[in-house]
Structures are given as C-alpha cells and as structure tokens.
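Asker: how does the following fold in three dimensions:
(one chain, ligands or ions: 1)
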Amino acid sequence: MTHTLVLLRHGESEWNAKNLFTGWVDVPLNEKGRGEAVRGGELIRESGLLPDVVHTSLLRRAINTAAISLDVADRHWIPVRRSWRLNERHYGALQGKNKKQTLEEYGEEQFMLWRRSFDVPPPPIEPGSEWSQDGDPRYADLGDEMPRTECLKDVIERFLPYWESAIVPDLRAGLVTLVAAHGNSLRALVKHLDGISDEDIAGLNIPTGMPLVYELDDDLEPTVPGGRYLDPDAAAAAAAAVANQGR
Ligand SMILES: O=C(O)[C@@H](CO)OP(=O)(O)O
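Answerer: Prediction:
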C-alpha cells in the first residue's frame, strides 16, 4: 500500500512580488498568488488525487492558498489542522528587508549563507521591532520555543514533531494528505523525505502554487525520489525563478 502526500507552497504573496524577506510576517497573497492557488486546485482536481485532510501553517498565505485550491477541487469541506510548526522559517532581523539590497550590502557569500545554508541563521530579530511577532496571540503558547531567527536545521527540528504526531497518522490511516505551507518549511520536509544531504539541500527551491505529489511506501520512503510535480515544466521554470531572487 502506498500513502499519498501532496505538498503545496502558497501562491505568490505581496512580499514575494516586492522581493522582501518574509518569514513569519503574515503577508497576504496577491492577485497572481490567488491565480496560482486556483491553478493548483485545478491540477489537483484533474489528477484525481483528492485530499481527505489538509494541514497548514498559521500564516494567511498558506491558509488561503489551501482554501482556494480546495474550493476549486470541490474539497473545501475536508478537515483542517494548523500548526506554527509548518510556518515559514523565521527570517530574524532580515524580515521586511529587500533581498536585492541585502545582496548588494552584504555580498553574495553572506547573502547565500543566510538564505540557503543549513545551519547559519540570520541575526535574531529585535524584540518589539516592526516585523517581530511578539505579543501575537496565535503564538501565545510557545513560550521559550518562540523563535527570534531560524536556519533550516532549526526548521527541521521544530517541524519533525508535527510530522510524526499529526501528519504521519493521517498518512497511515490511508488519507490523501495535503500540506499547504512555505518555501523553507517544505524544503525541510522534502529534505527529510528524500534524505537530501545538508549540502545538497541548498540547491533545492520549491515553486509557489505547484502541487508536488509523493507516493510513500510503508516505511514512508518516496517510491519516486523527489516526488512528482503535477505540472513539471511550469514547476521547473518557477523553481529557477526562486533560486534567482535577489538578482
Ligand atoms: O522570504 C521568505 O520568507 C522566503 C520565502 O519567500 O524567502 P527565501 O526563498 O529567500 O528563503
């Protein structure tokens, strides 16, 4: 028996379009992003892989992408679970900063260390500063777990408990499981599923609004490494555009 997992990065947000580091800032989808979510829903519907349950982050770009896509696929009624553990990577003091300006100010090496290294987090965000999430009621229960910055390694550490306790049980119950999340929380998941090395994960970029399907065996190993995008050509072009952000 295989288990079906469908991953969906949110559609383009207002800050993706402005080329700003976003992280935990709760930015809305823009017009293009809503269109990508519609297209994602059409691809899901056409594939016949209709989700039985959906997991999202606590951020509206993922929540609304899931809602739009599922509405198009006529699956708007399925159970939903949300967790901060699926949030985008916290981008620390870079949140709200322009990627191109950051690249020009700090140079290629530092920029790429912050964006794609496995274990180098950006500087922590200043408590109470403009783009900090202090006092946000949705994170009131986090206490000491509330991040001030994160590298991909940190994202994997906070994501895995949710994977094990919430997503794996749905997969094992035979439910087609949709995870609507973010570029870096999905990179954490794909790294885990495909066993990608700490070095090689730097080269992996997830495009917005493109459903990526994994069929998993009983050990929850992908039957096809890397999974399968429902629209592979569009996904490859969009992933290259993510890789080139800042330039
Ligand atoms: O800004 C962010 O939060 C992420 C995703 O948009 O950006 P990056 O791809 O640079 O990690």
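
Asker: tell me which residues touch the residue most central in space within the chain, please.
Answerer: Residue closest to the average C-alpha location in the chain (Cα atoms, centre = their mean): His182, at 1.6 Å. Going by Cβ atoms under 8 Å, 6 or more residues apart in numbering, His182 touches 9-10, 57, 59, 61-62, 86-89. Using the backbone N, CA and C atoms, a C-beta is placed for each residue, glycine as well.

Asker: using TSV, lay out those residues together with secondary structure and distance to the ligand.
Answerer: Formatted as TSV, the contacts of His182 follow (DSSP: H, G, I helix; E, B strand; the rest coil; distance: Cβ to the nearest ligand atom, whole Å):
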residue	secondary structure	distance to the ligand
Arg9	strand	9
His10	coil	9
Ser57	coil	11
Leu59	coil	10
Arg61	helix	9
Ala62	helix	11
Leu86	helix	13
Asn87	coil	10
Glu88	coil	5
Arg89	coil	7
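
Asker: quick check: the residue nearest to the centre of the chain vs Tyr91, distance?
Answerer: Separation of His182 from Tyr91 (Cβ to Cβ, to the nearest Å) stands at 11 Å.

Asker: ok, and what's touching the longest helix along the chain?
Answerer: Looking across the chain with DSSP state H, the single longest helix is helix 31-47. The contact list for helix 31-47 (Cβ under 8 Å, 6+ apart) reads 6, 8, 10-13, 16-17, 29, 50-51, 61, 64-65, 68-75, 178, 208-211, 213, 230-231.

Asker: what are the buried residues along it?
Answerer: Going by neighbour count (16 or more other Cβ atoms under 10 Å), the buried part of helix 31-47 is 32-34, 36-45.

Asker: then stretch 96-103?
Answerer: With burial defined by 16+ other Cβ under 10 Å, the residues of stretch 96-103 counted as buried are 96-99, 102-103.

Asker: so stretch 152-170, near the ligand or not?
Answerer: No: among the residues of stretch 152-170, none lie within reach of the ligand under Cβ under 6 Å from any ligand atom; the closest is 9.2 Å away.

Asker: for that stretch, give me every contacting residue.
Answerer: The contact list for stretch 152-170 (Cβ under 8 Å, 6+ apart) reads 5, 52-53, 55, 81, 83, 85-86, 89-90, 116-119, 121, 145, 147, 150, 177, 179, 184-185, 187-189, 191-192, 198, 201, 220.

Asker: swap the cut-off to 6 Å and go again
Answerer: 53, 55, 83, 85, 89, 118-119, 177, 184-185, 188 (Cβ atoms under 6 Å, 6 or more residues apart in numbering).

Asker: and if you look at stretch 129-140?
Answerer: Stretch 129-140 has contacts (Cβ under 6 Å, 6+ apart) with 24-25, 58, 95-96, 125, 127-128, 146.

Asker: which ones are touching Ala73?
Answerer: 41, 44-45.

Asker: ok, 8 Å please
Answerer: Applying Cβ under 8 Å, 6+ apart, the residues near Ala73 are 41-42, 44-45, 50-51.

Asker: which residue ranges form the strands in this protein?
Answerer: 3-9, 53-56, 80-82, 177-181, 212-216, 228-229 (DSSP state E).

Asker: so which of those is the most packed in?
Answerer: When those are scored by mean count of other Cβ atoms under 10 Å, the highest mean neighbour count falls to strand 177-181 (a mean of 29).

Asker: tell me what it is packed against?
Answerer: If you count contacts as 3 or more Cβ pairs under 8 Å, 6 or more residues apart in numbering; DSSP states H and E, strand 177-181 packs onto strand 3-9, strand 53-56, helix 60-72, helix 183-194.

Asker: angle of that strand against helix 60-72?
Answerer: Going by axes from the mean of the first three to the mean of the last three Cα atoms, to 10 degrees, strand 177-181 is angled at 140 degrees with respect to helix 60-72.

Asker: and the protein, which residues reach the ligand?
Answerer: 16, 21-23, 88, 91, 115, 183-184, 242, 245.
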